[in-house]
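**Student:** 3D model of this:
(2 chains)
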2 protein chains.
Amino acid sequence: MTMQNKLAWPKKITVCEVGPRDGLQNEKVLLTVEQKIELIERSVQAGAKIIEIGSFVHPKAVPQMADTDEVVKKMKRVDGVEYRALVMNLRGLERAEAVGIKKAKLTVSASPTHSLKNLNKTPEEAVRGFAECAKYAAAHGIELSGAISTAFGCCFEGRVPLEQVISVVKCFKEIGVSELSLSDTTGMANPQQVYEYSVKVREQFTDIDWVLHFHNTRGMGLSNVMAGMLAGIERYDSCFAGLGGCPFAPGASGNIATEDLVHMLSEMGIDTGYDLAEGIAIGRRVREFIGHDTDSSVLRAGRCSDIVIEQ
Amino acid sequence: MTMQNKLAWPKKITVCEVGPRDGLQNEKVLLTVEQKIELIERSVQAGAKIIEIGSFVHPKAVPQMADTDEVVKKMKRVDGVEYRALVMNLRGLERAEAVGIKKAKLTVSASPTHSLKNLNKTPEEAVRGFAECAKYAAAHGIELSGAISTAFGCCFEGRVPLEQVISVVKCFKEIGVSELSLSDTTGMANPQQVYEYSVKVREQFTDIDWVLHFHNTRGMGLSNVMAGMLAGIERYDSCFAGLGGCPFAPGASGNIATEDLVHMLSEMGIDTGYDLAEGIAIGRRVREFIGHDTDSSVLRAGRCSDIVIEQ
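**Tutor:** Residues are numbered from 1 along each chain as shown, chains lettered A, B, ... in the order given. Modelled structure (predicted):
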């Protein structure tokens, strides 16, 4: 049998930039409103169609995100771009609505132990607790996106079974959420698992838009993207300069770096609509702002095309 | 159509440890004979079935490898393990033979510009120049392995066309070499390219044993392994602690780390016969010997199973 020369990757991938929220909230340095706006506006300019601009949570809990309202008010918005914000409850959603945010993300941990320890609720109870948010969102024209954290592995439970993930997905469906991400918060996912979980959730829930969210903690971040693409998933979170880290593995890599993701996809001939040179420039700017090195292969080594020596 | 839950990976992968040669030759620190022997013997104990123990080249050209003869004479050998050495010419092959090496590797660059600059020979001429070595090897029961460097990309030519790689493969076949590796020396390969090249060379040359050799320069090392596995290739070079580097991108990552490779494959349920805990211990020992940090995700973050907290 002759094998095909191409694997069945999607032709087009949507890169969801989570840096302004998921990246910066893990940094000790607090960026100014102007710095955040620069990173958001430049990311959109570079090609981000979905960008997580911050969170509306208690400023004492996450001081890095205390000025999200101000950032949103002052930033320039481009039509067709989804400016997504994380909220934890109705109060956060109201704040988001007040500054004109049209897309909010709700996070629940798939791991019962993790969820009970954090919220004193099972994952299913946590999702059902968002019913009020869902009602408010529907009434105010806000689209909801659900994020299922520790969807592949949890530091308390180890591997999280697919059945547990599916149980959380069903609860999100019940409250009317139609976009969901499976998040490998702990960097424990492997390509076989990602492929299997992705195929199964896509088959069982055909009316949900799926996003995958990977950390590069154990070097498998881009391999997991490949596995997700082979399963037909077309949206991937990534973070400028690879910020993020893992609270359970100090010094470990964070989210997959936007510039690494865009570089790999571009080398593979997959369209992201993202300007890689500008992505790299943004990564460098992020490093200036936070004042330290980060885990981004392309920031270190440059693009493949950069090392070709003119003769 | 229902998708399969598993992709068609091989069930078993052979990890070829190239650290003692490809890793250490890039380090400033010269290891002692005893240190090298410790790393070689422990790697074999951990499960390496193919290990590149050093090179027989001019000691002035590569001082790190000047004591390979002594290393080979003193190390304990285990039956069934391939102790492979790099040679550049007949003189090197004779040295290898003198200490009882039964497998020698010959390297040729697939890139004409690179090959002409280095050796003043085209890649095809360089392979044919090994005809004498091939004769000597056959007469002395030494198996030859051919390594095609810059098989995917070259810093002078950019992407190296598959036709050029195939032309070099044909020359290796002519001189009787039946094991070949495609080496991404510059870290420029991407998964689509690896899949395409691997499928094509396997189809065209069914009687050759294929090895793939990747660097993690731009974070695509393990993704390229996945692509190679999807194309059915079962042998992969890797290097303890991820030593190696890229001369064209200072500070960039080196070879894929053995412990990262074994970890990913083990998480995927693919058998390598390699003891991961011992692989990690070897990686730590390598860092002690060379005195600096290296690019190994698993050395930094630990295994997935390491972060699971006992309750």
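
**Student:** and the closest residue to A:A8 other than its chain neighbours, what does it touch?
**Tutor:** Spatial nearest neighbour of A:A8, excluding adjacent residues (CB to CB, 6 or more residues apart in numbering or on different chains): A:L230 at 6.7 Å. Every C-beta, even on glycine, is put in place using the N, C-alpha and C of the backbone. Going by CB atoms under 8 Å, 6 or more residues apart in numbering or on different chains, A:L230 touches A:L7, A:A8, A:W9, A:Y195, B:L7.

**Student:** ok, and the most crowded of the residues you listed?
**Tutor:** A:Y195 (26 neighbours; other CB atoms under 10 Å in any protein chain shown).

**Student:** that one against A:A227, yeah?
**Tutor:** Yes: with contacts counted by CB atoms under 8 Å, A:Y195 reaches A:A227, the gap being 4.2 Å.

**Student:** need the overlap of contacts for those two.
**Tutor:** Counting by CB under 8 Å, 6+ apart, the contacts common to A:Y195 and A:A227 are B:L7.

**Student:** low pLDDT regions in chain A?
**Tutor:** Residue ranges of chain A with pLDDT under 70: A:1-2, A:4-5, A:246-249, A:251, A:310-311.

**Student:** tell me which residue lies nearest the centroid of it.
**Tutor:** Nearest residue to the geometric centre of chain A (CA atoms, centre = their mean): A:D237, 3.4 Å.

**Student:** SS state for it?
**Tutor:** strand (DSSP: H, G, I helix; E, B strand; the rest coil).

**Student:** against chain B, how distant is it?
**Tutor:** 16 Å (CB to the nearest CB, to the nearest Å).

**Student:** repeat that for A:Q64.
**Tutor:** Here A:Q64 is placed at a distance of 23 Å from chain B (CB to the nearest CB).

**Student:** identify the residues contacting A:A96.
**Tutor:** A:A96 is in contact with A:F56, A:A85, A:V87, A:A104, A:I142, counting by CB under 8 Å, 6+ apart.

**Student:** next, count neighbours for the fourth one.
**Tutor:** By that I understand A:A104. Neighbour tally, A:A104, other CB under 10 Å: 23.

**Student:** any idea what sits nearest it, other than its immediate chain neighbours?
**Tutor:** Distance criterion CB to CB, 6+ apart; nearest residue to A:A104, sequence neighbours excluded, is A:V87 at 4.9 Å.

**Student:** test my guess that A:F56 contacts A:T68.
**Tutor:** Yes: with contact defined as CB under 8 Å, A:F56 reaches A:T68; the gap is 5.8 Å.

**Student:** intersection of neighbour lists for the two?
**Tutor:** A:A85, A:R95.

**Student:** re earlier: any idea how far the residue nearest to A:A104 lies from chain B?
**Tutor:** A:V87 is 28 Å from chain B, where distance means CB to the nearest CB.

**Student:** do A:V199 as well
**Tutor:** The value you get for A:V199 to chain B, if CB to the nearest CB is used, is 5 Å.

**Student:** my read: that residue touches A:I233, true?
**Tutor:** No: taking CB under 8 Å as the definition, A:V199 is not a contact partner of A:I233, at 9.4 Å.

**Student:** partner residues bridging the residue nearest to the centre of chain A?
**Tutor:** Note on A:D237: beta-bridge partners by DSSP bridges are A:C16, A:H213.

**Student:** quick one: residues contacting it.
**Tutor:** For A:D237, the contact set (CB under 8 Å, 6+ apart) comprises A:C16, A:V18, A:D22, A:E52, A:S181, A:S183, A:V211, A:L212, A:H213, A:F214, A:N255.

**Student:** any idea how far it lies from A:V87?
**Tutor:** Distance, A:D237 to A:V87, by CB to CB, to the nearest Å: 17 Å.

**Student:** picking that back up, quick check: phi and psi on the residue nearest to A:A8?
**Tutor:** phi -60, psi -30 (degrees, to the nearest 10).

**Student:** where's it relative to A:G187, distance?
**Tutor:** Separation of A:L230 from A:G187 (CB to CB): 20 Å.

**Student:** please identify the helix or strand for A:L86.
**Tutor:** Using DSSP states H and E, A:L86 sits within strand A:82-87.

**Student:** what sits up against that strand?
**Tutor:** Residues from elsewhere that reach strand A:82-87, judged by CB under 8 Å, 6+ apart: A:16, A:21, A:49-57, A:68, A:72, A:77, A:92-93, A:95-96, A:101-107, A:133, A:143, A:145.

**Student:** with distance to B:S167 and secondary structure added, can I get the contacts of A:L230 in TSV?
**Tutor:** What follows is the contacts of A:L230, written out as TSV (distance: CB to CB, whole Å; DSSP: H, G, I helix; E, B strand; the rest coil):
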residue	distance to B:S167	secondary structure
A:L7	26	coil
A:A8	30	coil
A:W9	29	coil
A:Y195	36	helix
B:L7	31	coil
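
**Student:** of all those, which comes closest to B:S297?
**Tutor:** Nearest to B:S297 among the contacts of A:L230: A:Y195, at 20.1 Å, using CB to CB.

**Student:** list the contacts for the closest one?
**Tutor:** By CB under 8 Å, 6+ apart, the contact set of A:Y195 is A:A227, A:G228, A:L230, A:A231, B:N5, B:K6, B:L7.

**Student:** restricted to buried residues, select the residues you listed in PyMOL.
**Tutor:** A single PyMOL command selects the buried members of these (16 or more other CB atoms under 10 Å in any protein chain shown):
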select buried, (chain A and resi 227+228+230+231) or (chain B and resi 7)
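
**Student:** out of the contacts of A:Y195, which are inside helices?
**Tutor:** A:A227, A:G228, A:L230 (DSSP state H).

**Student:** circling back to that earlier point, how much space between the residue nearest to the centre of chain A and B:D184?
**Tutor:** Distance from A:D237 to B:D184, counting by CB to CB: 27 Å.

**Student:** pull up the residues of the stretch 201-311 of chain A that are close to chain B.
**Tutor:** Selection of the stretch 201-311 of chain A residues close to chain B by CB under 8 Å from any CB of the partner chain yields A:203, A:216-223, A:225-227, A:230-232, A:246, A:248-249, A:251-253, A:257, A:260, A:263-264, A:267-269, A:297-298, A:300-305, A:307-309, A:311.

**Student:** with that, I have no additional questions.
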